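K.L.:
heads up, no residue letters with this:
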């Protein structure tokens, strides 16, 4: 299939979250059935990555706003005698206080002001949403730690390896049903696409999950964990189990969920610039591909290169809501 310019524009709008709901849904429908479109989306996302990595915020020159206001005031208060020769004063109609030149000058001033102020507003909004995401993860961290100290007997919520509850997003319903999560909306990052439809989000109960089937179950797996990824557990001595709470500073419990459309496990939650991570000791950190260093534990792959349970107690792997602890042969894995 040949991808035309109009289709590329729609894909770009999808990556930038600039489409209407109907357009976004249509793009997602086409992506599910068209491999060429998915490849093109990955290509566009890869092309945009350098822009995100080199983004820096620049402060405007000092006093610029005050000087701009002074210029505007001067333009609006210039007397007619100064703007026109005396011989022409009688030709000016009293009701015509503005000429085209005035309008052009004022429009230029407004445009310059907009170019200065709008990026600052956008950056402020981005920072606010990033802070809101960090706060959500801290609240989830408190809930996870409390669960491990009480109901979990030292372990965090476990993702089963089979059955309706065998998906990473099960952490949310488990925490909520056991009384450790006060507000289910903590699982929604303010910058995510789900946040745009927050009123429609409803976290299912464990009973509802067990009774679901077909398309309803698929949708639960995709959305119950919100816009975050959760730890998929570990394998120790041939036994699969949940991660044990040891208060480690670099063992990832949760993160902004990685996008299937962006390269390098980047999350679309924050424009592909980076991801917030929640670690076992409860602290949250904004990270930009720390795992590119081979000495670092890759948070989205185990040491065998799979997005599934870690191969030992220190191999932390987090997966999006729909992820299962194992995607390969698990016949030799026992659950505990």
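P.N.:
Noted; the coordinates are in hand. Being a predicted model, the structure only gives us computed values, none of them experimental.
K.L.:
Could you pull up the residues touching residue 210?
P.N.:
Neighbour list for residue 210: 163-165 [criterion: Cβ atoms under 8 Å, 6 or more residues apart in numbering]. From N, CA and C alone the C-beta is placed, and that goes for glycine too.
K.L.:
Tell me the secondary structure at it.
P.N.:
helix (DSSP: H, G, I helix; E, B strand; the rest coil).
K.L.:
Among the contacts of residue 210, name the buried ones.
P.N.:
When the contacts of residue 210 are checked for burial by 16 or more other Cβ atoms under 10 Å, the buried set is 164-165.
K.L.:
so which of the contacts of residue 210 would you say is closest to residue 129?
P.N.:
Checking those against residue 129 by Cβ to Cβ gives residue 165 as the nearest, at 30.6 Å.
K.L.:
For that closest one, list the residues it contacts.
P.N.:
By Cβ under 8 Å, 6+ apart, the neighbours of residue 165 are 159, 206, 209-210.
K.L.:
can you rerun that using 6 Å?
P.N.:
For residue 165, the contact set (Cβ atoms under 6 Å, 6 or more residues apart in numbering) comprises residue 209.
K.L.:
For it, give its distance to residue 211.
P.N.:
According to Cβ to Cβ, to the nearest Å, residue 165 and residue 211 sit 12 Å apart.
K.L.:
Residue ranges in the stretch 1-150 of the chain under the pLDDT threshold?
P.N.:
Low-confidence segments of the stretch 1-150 of the chain (pLDDT under 70): 1-3, 15-18, 45-124.
K.L.:
before we move on, back to that, need the contacts of residue 210 in TSV (columns: distance to residue 131 and secondary structure).
P.N.:
Below are those laid out as TSV (distance: Cβ to Cβ, whole Å; DSSP: H, G, I helix; E, B strand; the rest coil):
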residue	distance to residue 131	secondary structure
163	37	coil
164	35	coil
165	32	coil
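K.L.:
per the record, what domains does this protein have?
P.N.:
5-53, 64-123, 131-335 (automatic domain parsing).
K.L.:
so of the ones you listed, which one's packed in deepest?
P.N.:
Of all those, domain 131-335 has the most neighbours on average by mean count of other Cβ atoms under 10 Å, namely a mean of 19.
K.L.:
Identify the residue spatially nearest to residue 250, adjacent ones excluded.
P.N.:
The shortest distance from residue 250 to any residue other than its chain neighbours is 6.3 Å, reached at residue 279 (Cβ to Cβ, 6 or more residues apart in numbering).
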